[in-house]
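In: one predicted model, sequence on top.
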There are 2 protein chains.
Amino acid sequence: MPLSHGGDLDAARKLFPSAPEPFLDLSTAINPHPYPIPDASPEDFARLPDAESLKRLTGNAATAYAAPSEANVVPAAGTQILMTLVAGLVPPGRAAILGPTYAEHARVAALAGHAVTTVPELAPLGEADLAIVVNPNNPDGRVFGKGELLRIAEKQRERSGLLVVDEAFMDAGPRGESLSPHVEEANIIVLRSFGKFFGLAGIRLSFALAAKELAARLRASLGPWPVSGPALTIGKVALGDGDWIEQTRLSLGKAAHRLEVLLQNAGLESVGHTELFHLVRSPEAQQTFERLGRAGIFVRRFEEQSEWLRFGLPGEEAAWRRLEAALRS
Amino acid sequence: MPLSHGGDLDAARKLFPSAPEPFLDLSTAINPHPYPIPDASPEDFARLPDAESLKRLTGNAATAYAAPSEANVVPAAGTQILMTLVAGLVPPGRAAILGPTYAEHARVAALAGHAVTTVPELAPLGEADLAIVVNPNNPDGRVFGKGELLRIAEKQRERSGLLVVDEAFMDAGPRGESLSPHVEEANIIVLRSFGKFFGLAGIRLSFALAAKELAARLRASLGPWPVSGPALTIGKVALGDGDWIEQTRLSLGKAAHRLEVLLQNAGLESVGHTELFHLVRSPEAQQTFERLGRAGIFVRRFEEQSEWLRFGLPGEEAAWRRLEAALRS
């Protein structure tokens, strides 16, 4: 059974019906220690989200992501709908995606009418009408330098192309390579995910950063209430909490290192990572997937790369021990 | 200052800086007695919404809205993004909107590249590539019969057109005229809003009902996590709560009648309504708007119809008395 996304525990339960509950879900790459949810007021649920709060959220996101200004930032209820709208900003043509990578990019580009190719290196992206790079890449953690990416954008500019950089894993990553500060200069759209780093994927909150004119077009497509009340309230506080952000960068870095060592001790070598996951390659990947599954631990496998497994970070100490024991058994 | 939407209390505060707080917001048409929010689990915020819950939500919505099947139902984070995607299902052509009505429909149709006209009667809609009717209409409460609408859809079919019926106010309205049960037969898309009737506009939850093939296209554009975890958890429970739905239809009907009498006693005649609002026409509409505003009561006025005011339902008994007193002063 192909598992096209992480996080689907119902699918895991069907695959491993006698696994001990609760399942330990390491199939997603989400911070297991979420930002503490501020008490949501009933008003957040009842009233239409107000324009002033949306402005505050946008402002805090602009600062957190080092965007040139608030006018370059477009909040939305998740990255998916932004991908769909962004793919539609370019008339149907040639889309090139640096891959293998997060499969939704190819799906959405094809849906928008583009002829989609996946390329292993950056160079051919300059010839595409729509070029898409995930940086750092998921699942192999590859990092692309800002300079290289800006050169791609420059080449595309001549043909009115668009470069989309999905920086879903940039928050705890090599932030110096982020194109966020450059969106006003060029035909670049940066996608940022709130849910992964802040551990709150359920609230559906993401941002597109783009030149003001492109940002205005995206904003117009999303309408006046692009984000839910609870997401707005939580997002504006969390994105403004510099101390938590700083602490979390450090603790995620440590956890990622701990995971690398744990995997290594189990004979699984990490061949790529971000602070939120490690990718291992092993001829026994499928057996390991099964063994972990039977022990109630769900990791991410990949339909087209049968030797790969991706491990998200365990949270509680017990989860770490459970993973360690299951890998040893 | 034009107020393009209801619910913007920050705008109200700027207009009426010395009004007593808290403002009583009657500018939206949202049930003031929300569905009791089930205790949200932290998991709803942290984890990606799961496929099984989404399926349950969709099933309950299909039943509540009398859609032919679950496969005809597309959940989304609010009606706005559905409007954008629906307008894009038809190649740029002629869009006709039964109006005056909710202004977002014209904005979004134009954004999708259509030449937009607003027409006062149904007949010309049959000639449009994209025809849009709000039923019952907002703000005048006009109701269009199912038979008339199906004839429009039939005429449009010959030209591969699409009929969009926004049934945002149908839940407590003339449900026999809903086109929900007919979406599989024809080129019809019905939009349903969760937030208004259930009093939870902040969670952003709406549905498009469409023929299976069109529904699949919309679903593909929205991606695998179209709705937030809290919206999913609340929505699936609320849409399955037949008793609450039935009670609320009755109580909203009574409240709408009480509001009509109250307005009448203040010399304001209702010229249109649904169970969630009354529209009054008065040569003194602007003065009434100002007087209410100074008393901290915010109602909806309309840029292009200066004699109109729309009143949403007060909730608590104190709110009813406050409105009564302010209208009498």
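Out: Ah, there it is.
In: at which residues are the helices of the stretch 1-150 of chain A located?
Out: A:9-15, A:42-46, A:51-64, A:79-87, A:104-111, A:146-157 (DSSP state H, counting those that start in this stretch).
In: ok, and what's touching the fifth one?
Out: Defining contact as CB atoms under 8 Å, 6 or more residues apart in numbering or on different chains, one finds that helix A:104-111 is touched by A:80, A:83-84, A:87, A:95, A:97, A:99, A:116, A:118, A:130, A:132, A:134, A:164, A:166, B:220-221, B:223-224. Glycine gets a C-beta too; all of them are placed from N, C-alpha and C.
In: cool, and the second one?
Out: Surrounding helix A:42-46, the residues in contact under the criterion CB under 8 Å, 6+ apart are A:228-230, A:232-233, B:30, B:34, B:37, B:199-203, B:230, B:234.
In: about what we covered before: quick one: which of the helices of the stretch 1-150 of chain A is nearest residue A:251?
Out: For residue A:251, the closest of the helices of the stretch 1-150 of chain A is helix A:51-64, at 17.5 Å, according to CB to CB.
In: and that closest one, how far out from the chain middle?
Out: Distance of helix A:51-64 from its chain centroid, counting by CA atoms, centre = their mean, to the nearest Å, is 20 Å.
In: picking up where we left off before, output the helices of the stretch 1-150 of chain A as CSV; include the columns mean neighbour count.
Out: Shown next, in CSV, are the helices of the stretch 1-150 of chain A (neighbours: other CB atoms under 10 Å in any protein chain shown):
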stretch, mean neighbour count
helix A:9-15, 17
helix A:42-46, 19
helix A:51-64, 19
helix A:79-87, 26
helix A:104-111, 21
helix A:146-157, 18
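In: can you redo these as CSV with mean pLDDT?
Out: What follows is those, written out as CSV (pLDDT from 0 to 100):
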stretch, mean pLDDT
helix A:9-15, 90
helix A:42-46, 92
helix A:51-64, 96
helix A:79-87, 98
helix A:104-111, 97
helix A:146-157, 95
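In: and those helices: which comes nearest residue B:239?
Out: helix A:42-46 (15.4 Å).
In: so what's the residue lying closest to residue A:174 once chain neighbours are set aside up against?
Out: Of all residues beyond its chain neighbours, the one nearest residue A:174 is residue A:143 (5.3 Å), with distances taken as CB to CB, 6 or more residues apart in numbering or on different chains. Residue A:143 sits next to A:135, A:136, A:137, A:173, A:174, A:177 when contact means CB under 8 Å, 6+ apart.
In: turn the helices of the stretch 1-150 of chain A into JSON lines, columns for distance to residue B:73.
Out: Listed next are those as JSON lines, based on distance: least, CB to CB, whole Å:
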{"stretch": "helix A:9-15", "distance to residue B:73": "19"}
{"stretch": "helix A:42-46", "distance to residue B:73": "22"}
{"stretch": "helix A:51-64", "distance to residue B:73": "28"}
{"stretch": "helix A:79-87", "distance to residue B:73": "18"}
{"stretch": "helix A:104-111", "distance to residue B:73": "20"}
{"stretch": "helix A:146-157", "distance to residue B:73": "39"}
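In: residue A:129 and residue A:162 touch, don't they?
Out: Yes: contact status for residue A:129 versus residue A:162: in contact at 7.3 Å, counting by CB atoms under 8 Å.
In: could you tell me which residues touch both of these two?
Out: Common contacts of residue A:129 and residue A:162 (CB under 8 Å, 6+ apart): A:90, A:156.
In: of those two, who's got more company?
Out: residue A:162 (23 against 19; other CB atoms under 10 Å in any protein chain shown).
In: now do the contacts for that one.
Out: A:86, A:89, A:90, A:129, A:130, A:131, A:156, A:187, A:188, A:189.
In: residues in contact with the residue most central in space within chain A?
Out: By CA atoms, centre = their mean, chain A has its centre lying nearest to residue A:168, at 3.2 Å. Applying CB under 8 Å, 6+ apart, one finds that residue A:168 lies in contact with A:79, A:102, A:134, A:138, A:191, A:192, A:193, A:196.
In: got a pLDDT number for it?
Out: Model confidence at residue A:168, given as pLDDT, is 98.
In: checking it next. Helix, strand or coil?
Out: coil (DSSP: H, G, I helix; E, B strand; the rest coil).
In: picking that back up, mind checking the helices of the stretch 1-150 of chain A for the one nearest to residue B:9?
Out: Among those, helix A:51-64 comes nearest to residue B:9, with 8.6 Å by CB to CB.
In: what comes into contact with the closest one?
Out: Residues contacting helix A:51-64 (CB under 8 Å, 6+ apart): A:67-70, A:72-73, A:75, A:192, A:207, A:224, A:226-227, A:232-233, A:235-236, A:239-240, A:245, B:8, B:10-11.
In: now, which of the contacts of helix A:42-46 lie within helices?
Out: Among the contacts of helix A:42-46, the members found in helices (DSSP state H) are A:229, A:230, A:232, A:233, B:230, B:234.
In: any chance of a markdown table for the residues you listed, columns distance to residue A:283 and pLDDT?
Out: Below are the ones in helices among the contacts of helix A:42-46 laid out as a markdown table (distance: CB to CB, whole Å; pLDDT from 0 to 100):
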| residue | distance to residue A:283 | pLDDT |
| --- | --- | --- |
| A:229 | 49 | 96 |
| A:230 | 45 | 95 |
| A:232 | 47 | 96 |
| A:233 | 48 | 95 |
| B:230 | 43 | 95 |
| B:234 | 46 | 96 |
